[in-house]
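Trainee: Got a predicted structure plus its sequence, pasted below:
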Amino acid sequence: MTSNDDKDWRQITTKEAFVRNFVDKVLVGDGMEFTIHSDGRMSGLINGEVLTGSWYWSGKFFCRTAMWRGEDLGLDCETIEARRSQMRYTRDKGRGEALVVEIKQP
């Protein structure tokens, strides 16, 4: 990714903006297909294995707990950025691994 592309990302800092952009939409990328539901649940598949969890907004962070392949992935609060139909989330309050998913088009 070029630094010019990086400038297109805008950080989502409110729950309202997060909900407007990404909630109740199917998100796909890198073997993942999941939905962050408006009722606080998360559901989907990662590499064909069931993902379940819950989420809430805290300050400027998306926080989630998740289970995958029977393993508790624990609590993680992440920074969220948007670019067109993409979402980039960076684990550990922006200090960890960053992953990009895209809103699945019908």
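Mentor: Received the coordinates, thanks. Numbers count the residues shown, from 1 in each chain.
Trainee: can we go C-alpha only for contacts and neighbour counts from here?
Mentor: OK.
Trainee: Show me what the longest strand along the chain pairs with in its sheet, parallel or antiparallel.
Mentor: Of all segments of type strand in the chain, defined using DSSP state E, the longest is strand 71-83. Next to strand 71-83 in the sheet, as set by DSSP bridges, lie strand 10-12 (antiparallel), strand 61-68 (antiparallel), strand 86-90 (antiparallel).
Trainee: For the ones you listed, give me TSV that also has mean neighbour count and mean pLDDT.
Mentor: As requested, these are exported to TSV (neighbours: other C-alpha atoms under 10 Å; pLDDT from 0 to 100):
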stretch	mean neighbour count	mean pLDDT
strand 10-12	17	97
strand 61-68	19	98
strand 86-90	21	98
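Trainee: on that earlier part again, alpha carbons of the longest strand of the chain, in CSV - could you do that?
Mentor: Provided in CSV are the C-alpha atoms of strand 71-83 (Å, rounded to 0.1, in the frame of the first residue of the first chain):
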residue,chain,number,x,y,z
GLU,A,71,-11.4,-21.1,21.5
ASP,A,72,-12.1,-18.0,23.6
LEU,A,73,-10.3,-15.2,21.7
GLY,A,74,-10.8,-12.9,24.7
LEU,A,75,-11.6,-9.2,24.8
ASP,A,76,-9.9,-6.8,22.3
CYS,A,77,-10.6,-3.1,21.7
GLU,A,78,-9.7,-2.0,18.2
THR,A,79,-9.3,1.2,16.3
ILE,A,80,-11.7,1.3,13.3
GLU,A,81,-11.0,3.2,10.0
ALA,A,82,-13.1,3.5,6.9
ARG,A,83,-12.3,3.9,3.2
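Trainee: Fine, thanks again, bye for now.
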